[in-house]
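> Give me a 3D structure for the following:
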Amino acid sequence: MRAVVQRVSRACVTVEGRVTGEIGAGLMILLGIGRNDASAVAVSMAEKIAHLRIFEDDERKMNRSLLDVKGSALVVSQFTLYGDARGQRRPSFIAAAPPEQAKKLYEEFCKTLRRLGVIVATGVFQAMMSVELVNEGPVTILLDSEKAF
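Alright, predicted model coming up:
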């Protein structure tokens, strides 16, 4: 599983001109599901992100988590995080999970965040979406469950 995690003051996702998910301060999470991912990976990644200390404390050090600041999360499925463009011009997405598997694990990830007390907004799985956000810091963290980076 791969995630691009951005600290935001606001973010929203639109599908066919309609806002399907919107948050204020919190995290914008682009989530890619890999072929070898399982439910335990979704739970672990959600817990890691919820506890990731990337929000500033009173001394302006990144010491607070999403849970600490009571922020929200906008989670958007993005299979292109598994695009492999090494040595070619058109990315291969063979490492991305098939849609049925990806949707199940995407939903498990969101469910885990909610269980931890995070307010979660989402996009629409497999839809063409427009995402808007204001990245604060800017702070952007890349995560990979297999620790590839």
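> Find the nearest non-adjacent residue to the spatially most central residue of the chain, please.
In the chain, the centroid-proximal residue (CA atoms, centre = their mean) is Ile29; its distance is 2.3 Å. Excluding the flanking residues, the one nearest Ile29 by CB to CB, 6 or more residues apart in numbering is Val75, at 4.7 Å. Where you see a C-beta, it was placed from the backbone N, CA and C, and this is true even at glycine.
> Now that neighbour: which helix or strand?
Per DSSP states H and E, Val75 falls inside strand 72-77.
> helices and strands around that strand, which ones?
Helices and strands touching strand 72-77, by 3 or more CB pairs under 8 Å, 6 or more residues apart in numbering; DSSP states H and E, are strand 2-15, strand 18-23, strand 26-32, helix 99-115, strand 119-122.
> quick one: the residue nearest to the centre of the chain and Ala3, what's the gap?
6 Å (CB to CB, to the nearest Å).
> on that earlier part again, looking at the helices and strands packed on strand 72-77, which one is packed in the most?
Across the helices and strands packed on strand 72-77, averaging neighbours per residue (mean count of other CB atoms under 10 Å) puts strand 26-32 on top, at a mean of 25.
> Give me the contacts around that one.
1-8, 11, 45, 49, 66, 69, 71-82, 96, 106, 109, 118-119, 131, 133, 135 (CB atoms under 8 Å, 6 or more residues apart in numbering).
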